[in-house]
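[1] Just to be clear, the model below is a prediction. Sequence and coordinates:
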Amino acid sequence: MQDWLKDHPYDIKLLKNPSENAQKSVIQANPMNIEDIQNPTKDVQLLAVQTDLKALKYIKNPDDEVVTYVLSKNSDLIRMVKSPTLEQQLFAVRIDGSSIAFLPAANLDVQKAALDQSLESLAYILSPDDTMVEYALRKDFNAISYLPSPKTSYQRMALREAQKHLNKADFKKYVADNGLRFDVDVTQEFL
């Protein structure tokens, strides 16, 4: 049976409850064949993703351990998880904060974890919450550079934070060097 499946892997979907060995032989032929296996075992799922991480996309209900394995190798593959759990989202962004780009509905905990991993993650949050932008700016006023069109309130906050941390001469230099990030009327308030 297994030899036959090696030559005809797609026929596995015709079998009601294929043995784990039969499932493995089909996966060894092509890990994407996991799509044709109803209820593959965790070991078969792991074999598929260990052979090709992108096989995750074809697993209907991946085991948490399988998802964790894939994310530990490439956290951006969170995009292949149909409905990632909060734990899976946090795991991904703690590895690489930019993975938040694939989580359009990331809650505040996930946004904060991404920012804790890297402030550059601010650029990848599709709709950053105001509290998260403020959090990033308090950590480093230069985080303003990760916002494509920062609101006036964010500009003011970045300049207030810069004023707290820089002496007067360095602050003026900072404003001059980063003038394009700030509206002219906002910078005038601080000079």
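    Structure's in. What do you need?

[2] which one is residue 47 nearest to, not counting chain neighbours?
    residue 27 (5.1 Å; CB to CB, 6 or more residues apart in numbering). Bear in mind the C-beta positions are built from the backbone N, C-alpha and C, glycine included.

[3] three-state assignment of the one you found?
    The local conformation at residue 27, judged by DSSP: H, G, I helix; E, B strand; the rest coil, is helix.

[4] What are the neighbouring residues in contact with it?
    Residues in contact with residue 27, defined by CB atoms under 8 Å, 6 or more residues apart in numbering, are 33, 34, 37, 40, 44, 47, 48, 51.

[5] try 6 Å
    44, 47, 48 (CB atoms under 6 Å, 6 or more residues apart in numbering).

[6] quick check: domain ranges of this protein?
    Taking automatic domain parsing as the reference, the chain has its domains at 1-72, 74-126, 140-191.

[7] and of those, who's closest to residue 134?
    Closest to residue 134 of the domains of the chain, according to CB to CB: domain 140-191, at 6.3 Å.

[8] give me the element the nearest residue to residue 78 once chain neighbours are set aside is part of.
    Nearest non-adjacent residue to residue 78, counting by CB to CB, 6+ apart: residue 92, 4.2 Å away. Using DSSP states H and E, the element containing residue 92 is helix 86-95.

[9] Determine the longest helix present in the protein.
    The longest helix of the chain (DSSP state H) is helix 152-165.

[10] Only the buried residues of it, if you could.
    Across helix 152-165, burial judged by 16 or more other CB atoms under 10 Å covers 154, 155, 156, 157, 158, 159, 161, 162.

[11] Can you get me the centre-to-centre distance for whichever strand or helix holds residue 135 and its chain?
    Per DSSP H and E, residue 135 falls inside helix 130-139. Computed by CA atoms, centre = their mean, to the nearest Å, the chain-centroid distance of helix 130-139 equals 19 Å.

[12] how far off helix 152-165 does it point, in degrees?
    Angle, helix 130-139 to helix 152-165, by axes from the mean of the first three to the mean of the last three CA atoms, to 10 degrees: 20 degrees.

[13] So for the longest helix of the chain, mean pLDDT?
    Mean pLDDT, helix 152-165: 93.

[14] list the contacts for the residue nearest in space to the middle of the chain?
    Closest to where the C-alpha atoms of the chain average out (CA atoms, centre = their mean) is residue 99, at 1.8 Å. Residues near residue 99 by CB under 6 Å, 6+ apart: 75, 76, 78, 92, 93.

[15] Distance of it relative to residue 178?
    Taking CB to CB, to the nearest Å as the measure, residue 99 falls 28 Å from residue 178.

[16] Same question for residue 39.
    From residue 39 to residue 178 the distance is 56 Å (CB to CB).

[17] More neighbours: the two, which one.
    Set residue 39 next to residue 178 and count neighbours by other CB atoms under 10 Å: residue 178 wins out with 17 against 10.

[18] Least confident secondary structure element in the protein?
    Every helix and strand in the chain was compared by mean pLDDT, DSSP states H and E; the lowest is helix 2-7, with a mean of 60.
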